[in-house]
Every structure is written in structure tokens, then in C-alpha cells.
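Visitor: coordinates only, no sequence provided:
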């Protein structure tokens, strides 16, 4: 195999990069920290987008599009938000190039085309959007506004990794405006549930719903809700966040509405987003040393059919039958490819589609044809079985459902096995070092302790789970009293 | 009406702005030259995207995503392309803000965070994409590459207009790579046909297919094919372009492939794009002094139903029946809204949906119910008729098809009436000034004459139509011999 993959045991990080590159999800680009999303990776993203977009619309949201640029004066209006993102902003300062007088055919920035006010490339769009909502909202009748945007954003990260952390990434960002605090909180929680539903039922990724500690909150939020997933190496990954923004942005941009009693009030806000980072989570949650394993519901290709033949005559006979099967599968809405190319041998094709994580492979040869059978291989368990061609489409459809469920179950067992309680500092450190995963421990609720734990162990508070049981205890670091355990982990 | 629209006769340009703003397609933003695409306008764009995307995929293309940024050294590699876009580039020079030491709460660009190499925000993506293709292409087996990208691009225009010309706009850009010149030309022409098909059959916008003169070509192209449409004020609008790029980008980025004889050759290229500009074309082609008129196939809302009632009891009876109708319409795939809000009267609602260009309106009152009838109003002709509720869904479906066809026919008659021949300079100028539209005239084929005509009349060569008949004549300006007429017009 020319496409050898580093094993997880050898180098987990290299294994991940190998999968992304050799599975043809993405490629490095000439731009520092930016990636190219290749057609196979983008098809995966399109399937994720379609499912999410439908969920957003089913919950009453509409899409819109706001400018890529945020003028500096707007960017700095909400101080905490500005402070949070100031250090990772790409900034446009000029609007024209001109010919370099010293080098023929080269261009230089035209110093005379300096912008009066610098433009920040959106790292997130609260500022530009709330500045716009100001014009859209006068009365309670204009509320709620339930808008989502699919867009690219830029955060100038110093250490980047394909999908997980890139300078530019694709995402959706919901920005809603409400007349009451209650309604805004309800919206933030509802969208967290949508994300959890999507992660679990489409990505087969079990997640823990929770709320962030103050230090881990989105800059400018009153509360940040999150879904946290566990990767195979025992590190956590934040898979989506939903923020209750209070009236912070309404106050920064002076967005008021007159309520039913004709009294002027500031508007309540939420924002929520998931990004192409989810693709990184997907890769790390399910895949193995042979390549990607993609959940059927979002896999670009769900079934591949490989013919095994000697000579054109056999191929023609097999192809005639396969074309019927392809039709049957497509009629059931299954994404299927018949790979009858002569460029490579069946074994090579098997490895290639294994690498790409195609959930089901059918292989059919001359003898199978005689016996009216086909070899069915599942990518997740690598089990192979010989199945009758009669009713093969229905069989495959059920199998895809089974694989989807199996991937979720497997990930859930792994996740559940990797939530452990620690009651002392030593236990805490030992669990993090030897087992990884989530460690459920008491914390005194202060940012200082949180910071010290992070410095000592690189573990952060991933979340305080929804419906967390109250339980008296002592903080693992400070020994001070604590009313509940929180989930710590090292994280991506 | 609070939402009064300037009439076309009074001020065509203001009429257009009124429609875009009051029809809630888009809004101005705080960023110079950038607009906000509002939910109603974005829903229109989503319908256009969906139709185009399917056409691209049906012709074998796949989507991918490339970086927003182009490093300056790559940007300048293809000289003509660079020269063409250099004057309208937004340029990122810094990657960090810091607190302004002199003004608490304000931020300034951190002078220490200057990029070593400036990044151009893509005005088009040939450079970044061909720099990537270099890594993807070794042999003829890697060809063709048929990739499309949906993205935002930035061109720093000095005079902007909502949708028609904005600093940032949304578009798709196809970028294909081929082993032979013939195949690349075929691709460029095929995509022009796809655009024409989309414009005519989805947007109800008749277009002329043609090729651009050298002066009007895309910077870096060997040939630019285009579709040209005519607006109601007699000005032309370029609605889409498809470029045969020859080997220009392959040479600039050193992209070679080994052919079947193992000989190294430069790769052949095309690129093609349409943008949110099409929404401007749509508005100007069909709408009237009462508001937007949207073609049913892409209208966000195809049917609106307005109840006319006195008291809750009547409303309940009407609503029960309407809910059935809504179900029937949805079952036929029709986008329908039942507007039973109590906030505004039927007359206000009628005007509102007329403004928004909803193709069909059903109004139903208590007496209609008794007679088992409903009032059906079409937006395009403003005709009203009383129609039996039995089979109303099928009636509406047919009516939508009829409206779609009628809009196209009407635009086509207008367009065809506004292509006129001029054989002398005086005639040419008179036609442009008094009639507008396309003027078919002889031209000597030189860029100098073309430029002089443009300077004298503001008319440009829109295209040399596909299958243009050869015909000896004399250039209307220079009097020099000419072998064919070309289409001139003043244009957006």
C-alpha cells in the first residue's frame, strides 16, 4: 500500500493527520494555518450542513448573510467580546495593490490606499449583526429574530491542525433576539439540544450537555452551554456551544424595543455555532488503523460495489446485474457507487474504500453470480458475510442503520467507561495521566483554583453537566467546600 | 401605505433600491459597499443555489473549499489576472489588535503583528486553486478535475449598488482542469449552456449567449463566454461568464501532467461563475411599480393565503378549511404560507405580498366558503378570478407553471423587440439614446474602435453571439470593413 497509515498506538496525532490527508478530506494550503477542504471532505460537510440546516428551519430559524468585515469601532463596542478576540484577528488595512516600481511584474500594497478605519475579518459576527439588528428592532412585534448564517470566519491561531484548529474555518452561527430573558435562555438550551441530537443521531457521537465555568465562557456571554465529546485517545473535544448573551450586545449597540406597555427595554440575545471542527471529532471518534470510519447517515458514499472478474465477458455479466442493484439501492435513497474501473485491482479498491470509511462494501464475482450471492463487508466491524442477491437492497438498508447504531453504542460504551471519579489530588493526577477521559471531581468554584489545576495538569473544566447532582465535598486542589462535582479533561 | 415605491418612470434607479429594501431582500450595512442579505433575499438565493448546485452535480462536478486568502506572491503569479484585479483588492497586513494605551477600551492594530507577506482576500480563486492543483495533478489519470466552490469574494468597487455591485458578494466559481484544449473549451461552453438553462428556465430570464471581445475578457482568460440579459430600462446585464483559460494558469503555477505517451504537458483550464448579482437582474427584469415579481420556481414563497373574516368564529371555520388546502398544496411541493395574523388587515397584507412578489395569492372569506369558492390573484398580470375549492391545489400548481412561462415570454418579447440594427453612426447613437436595448452593428474588430465607441456613447460590446451570421459590412465608427455584427449596449 502506498497509503500507509501510522497506527494510533504509534502516534495518535500522526494517525489523525494521515487519515485526514490520505482519506482525502482535506489538504494543507499555501496560506499559513488555512486548509483546503477536498471534495470528499466537503461532501461530508454538505451532508452535515443539510441535516443541521433542516433542524434549524424546523425550529423556526431562517438563514441570512452579513458582511465578512467588522469595522474596528464596531468590533470594540462589546468590550469583553473584543478583548477575547483581539489577539487573533486578521486585519484589512488597505484596498489596492500597485505595480512595484523596482520589480517588473511584482505588486506592492499601495500606501495611498489605506483605509480610514481598519476592517476586522469576522472571528464571530455578534458585533456586525447586533449593529444591524438595531435597525430591525423597534417594538416587541419585531421579536423574536431567529436568524442563522452559514459562513467562513477567521481566527489567527498560532498552532493549527487540520479541521480541529485552522485560521479560517466554515461554520454556522445563529444569532437570535428576544423580548425576555426567559425566552432567550430557552432558545440557548433548545439549540444545545439540537446540537446534541445532531451529534448523537447523525454523527453517532455521544455528547455530554453542560454549562461552562466562567473562565471557559464565550467572550461576551452570560452563560455558555456546550456539548462535550470524548476522543479515542481520552481527550475531550468541545463539539458545539450555545450562548445566552444576556443584554450585553444590546447594551453595547443600543438595541432597545418598546414592550406591550410601551416601555423601552434592552433586547435579550443568544448565539450558537458548530463548525468544520466537527469533522475532526468525527475522524477521531470512530476511525481505526485502516482508515476512516464514517457514520452512514452522513457518509458521502454509503455503499461501494466492487466487481471481481476475469475478462470483459465476466465483467459485462456482473455489471448487468450490479446495475439493477444500484437502481434498487438508489430507489431506497442510498448513496452508492459501482467502481468498475480497470485501473486498479479489487484488493487495492478494498483498501481504498476502507481508508475512506465507506460503511458497506459489496464484492461480487462470477461464482457469486452463479450462486445468486454477494459478499457484504461492513467497515465498522470488518465482518464479511455472504448474502443472497434477493432482497439485497433491503438488507443493505438495514445494515446501514445497524452500523449507525453500532458506532454510537461503541462510542458511548467507551465514553461511559472513561468517566471516572477522583476524590484526592493524587487520584486526579493519576487518572489524567494513566487513563485520560473525563474526571469527575469537586472544585471550589473559583477561577483561581481552575487556573492552577490547568497549569499543573493541562486539564480544564469541560462542563458542569446538565442536571448535575448536588453533592457536598471538598475541592481536589484547595480542599475548600464544594457543592457539586464538575467534569475535567485534557482537551482538543 | 408606509412602504411607497418610486415608480420606474420617475426614477428607475430609485425604484430598484426601493424594491430591494422594501421587498426585504437586502439592507445596507455599516461596512462601506457591503450589504446584508436579509432572510427573504437569502431564501431566494438558497433556491437559486439549490437549482444550480444540482445542475453542476448532474454534469459531473463536485464541491470543495479553498482558502479566503491568497498570499501576494501567488496572487501576482498570473500577470494579467493580477493586473486585472490589483486595483480592487482588500489586503490583510496584520494579525492582531492590542489595547490602545491612550484610550481605555479602544483597540489599535498591533504594529508588531505585521504579516511577513500580505494576504489578498480572494477577488476570484484561480491563483490559490491552481497552486493547489499543482499537488493534485501528476498524470492524465488525475484529469479532469471538475470542482466548484460556493464562497464569498471581495472586490473593492468604488461605486456600489445593492446586489449589482458590492464589495463583498456571494458566488460560485467552477475551476476545472483538463488534458486537452478541446475538452476545456467543451467544458467552458457546456457551463455557459448550464447558466443559460438556469437563467431561462428558473429565473425566467431570456439571455443571449456569446463570446466577449478581447477588451471585455476576464483577466487571464483566452476566451470569455457570457450570457447577457436585458433589463426593463433598456440596459444590458452580464448574468454569468465561463472562461476558457488556456494554459495560462498552468504555466504561471507550473502545473504539468504526463500524458498517455508519458510526455509532460501543461494542463488546460476553465473557470465559470455566477453571483448574487443575479438577484439584481431578477428584480430589474420582472418587477413593476407595486413591487417585486418573482418567478415561481425560485420564489421563497409561491402562494400566500389570506383569510377575510369578522370575528373568531368565522376565522375558525375558514382556518379549518384553509389548513386542508395548505396540506394539499404542500403535498404537491408548493411553498405556501397561511397568514392568519390579527396584526394587520387583508388590504395591508395584499399590498405586502404584492410588494414581496409572491406569485399567487388566495383570499377566502365567509361567503366564498359558502359557495365553495376562493379568490385567486396572480401577481404577474394582477388578474383575479373566482375558483372552485374542489381541485384548488392542482389549479394553483398549473397556475404557477403558467406564471413562470408568462414571465419568460413577456421578458423575451421585450428583449427581442429591443434588439435593433444600426448601419450608421448617427443611427447607432440615436438608438442608444432614444430606445436603449441591444444595438447590432458592424465593428472593425479593433480594441481602439471599441474604446472610442465606449467613450463616445458609454455603450460596450456585450458579446459576439453564438452562431453569429457572417455578413460583410462597414464599422459604424471607423468605416473599415467588418465581417459580422456584434451586440452593443449600455450595461450594468
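Guide: Sure thing, it's come through. Values in this document were obtained by computation on a predicted structure and should not be read as measured data. Residues are numbered from 1 along each chain as shown, chains lettered A, B, ... in the order given.
Visitor: show me where pLDDT drops low in the stretch 101-250 of chain A?
Guide: Counting by pLDDT under 70, not a single residue of the stretch 101-250 of chain A qualifies.
Visitor: helix or strand right after the lengthiest helix in chain A?
Guide: Longest helix in chain A, counting residues (DSSP state H): helix A:392-417. Using DSSP states H and E, the helix or strand that follows helix A:392-417 towards the C-terminus is strand A:419-421.
Visitor: distance from that following strand to the middle of the chain?
Guide: Here strand A:419-421 is found 25 Å from its chain centre; the criterion is Cα atoms, centre = their mean, to the nearest Å.
Visitor: contact partners of it?
Guide: Outside strand A:419-421, the residues within contact range by Cβ atoms under 8 Å, 6 or more residues apart in numbering or on different chains are A:431, A:435, A:437-441, A:485, A:487. Heads up, the C-betas are built off the backbone N, CA and C, glycines and all.
Visitor: which SSE is immediately downstream of that strand?
Guide: Scanning forward in sequence from strand A:419-421 by DSSP H and E, the next helix or strand is helix A:425-434.
Visitor: quick check: next helix or strand after that following helix?
Guide: Beyond helix A:425-434 in the direction of the C-terminus, DSSP H and E gives the next helix or strand as strand A:438-442.
Visitor: just checking, what packs against the helix or strand following that next one?
Guide: On the C-terminal side of strand A:438-442, the closest following helix or strand by DSSP H and E is helix A:447-457. In terms of contact count using 3 or more Cβ pairs under 8 Å, 6 or more residues apart in numbering or on different chains; DSSP states H and E, helix A:447-457 is assigned the packing partners helix A:425-434, strand A:460-465.
Visitor: re earlier: by neighbour count, which of the contacts of strand A:419-421 wins?
Guide: Tallying neighbours with other Cβ atoms under 10 Å in any protein chain shown puts residue A:438 at the head of these, with 29 neighbours.
Visitor: break chain A into its domains for me.
Guide: Residue ranges of the domains in chain A are recorded as A:12-286, A:303-406, A:419-489, according to automatic domain parsing.
Visitor: helices or strands up against the longest helix of chain A?
Guide: Using 3+ Cβ pairs under 8 Å, 6+ apart, helix A:392-417 is in contact with strand A:223-230, helix A:277-286, helix A:311-331, strand A:360-365, strand A:373-378.
Visitor: please tell me how far residue A:137 sits from chain B.
Guide: Taking Cβ to the nearest Cβ, to the nearest Å as the criterion, residue A:137 is separated from chain B by 13 Å.
Visitor: residues from the stretch 201-350 of chain A in reach of chain B?
Guide: Within reach of chain B by Cβ under 8 Å from any Cβ of the partner chain, the stretch 201-350 of chain A has these residues: residue A:343.
Visitor: does the closest residue to chain B within the stretch 251-400 of chain A count as helix, strand or coil?
Guide: Distances between the stretch 251-400 of chain A and chain B by Cβ to the nearest Cβ are smallest at residue A:343, namely 6.7 Å. Secondary structure for residue A:343, judged by DSSP: H, G, I helix; E, B strand; the rest coil, is coil.
Visitor: so what's it up against?
Guide: With contacts taken as Cβ under 8 Å, 6+ apart, residue A:343 has the following neighbours: residue B:141.
Visitor: so what pLDDT did it get?
Guide: If you check residue A:343, the pLDDT there is 86.
Visitor: ok, it to residue B:247 distance?
Guide: The spacing between residue A:343 and residue B:247, counted by Cβ to Cβ, to the nearest Å, is 26 Å.
Visitor: cool, and residue A:103?
Guide: Remark: distance between residue A:103 and residue B:247 (Cβ to Cβ) = 25 Å.
Visitor: give me the more crowded residue out of the two.
Guide: In terms of neighbours (other Cβ under 10 Å), residue B:247 is the more surrounded of residue A:103 and residue B:247; the figures are 17 against 10.
Visitor: now do that one against residue B:258, distance only.
Guide: Separation of residue B:247 from residue B:258 (Cβ to Cβ): 15 Å.
Visitor: so what's the gap between the helix or strand where residue A:120 lies and the chain middle?
Guide: Element membership of residue A:120, judged by DSSP H and E, is strand A:114-121. What separates the centre of strand A:114-121 from the centre of its chain is 31 Å, taken as Cα atoms, centre = their mean.
Visitor: stretch A:408-415 now?
Guide: When C-alpha coordinates are averaged (Cα atoms, centre = their mean), stretch A:408-415 and its chain have centres 18 Å apart.
Visitor: then stretch A:179-194?
Guide: The mean C-alpha position of stretch A:179-194 is separated from the chain mean by 21 Å, Cα atoms, centre = their mean.
Visitor: ok, and what's touching that stretch?
Guide: When contacts are taken as Cβ under 8 Å, 6+ apart, the neighbours of stretch A:179-194 outside the stretch itself are A:52, A:55-56, A:59, A:140, A:143-144, A:146, A:174, A:176, A:178, A:209, A:223, A:225-227, A:240, A:242-246, A:257, A:259, A:265, A:267-270, A:272.
Visitor: any buried residues in it, and which?
Guide: A:179, A:183-185, A:187-194 (16 or more other Cβ atoms under 10 Å in any protein chain shown).
Visitor: tell me the contacts of the residue nearest to residue A:466 when sequence neighbours are not counted?
Guide: Nearest in space to residue A:466, with sequence neighbours left out and distances taken as Cβ to Cβ, 6 or more residues apart in numbering or on different chains, is residue A:209 at 4.5 Å. Going by Cβ under 8 Å, 6+ apart, residue A:209 touches A:192-193, A:196, A:225-227, A:463, A:465-466.
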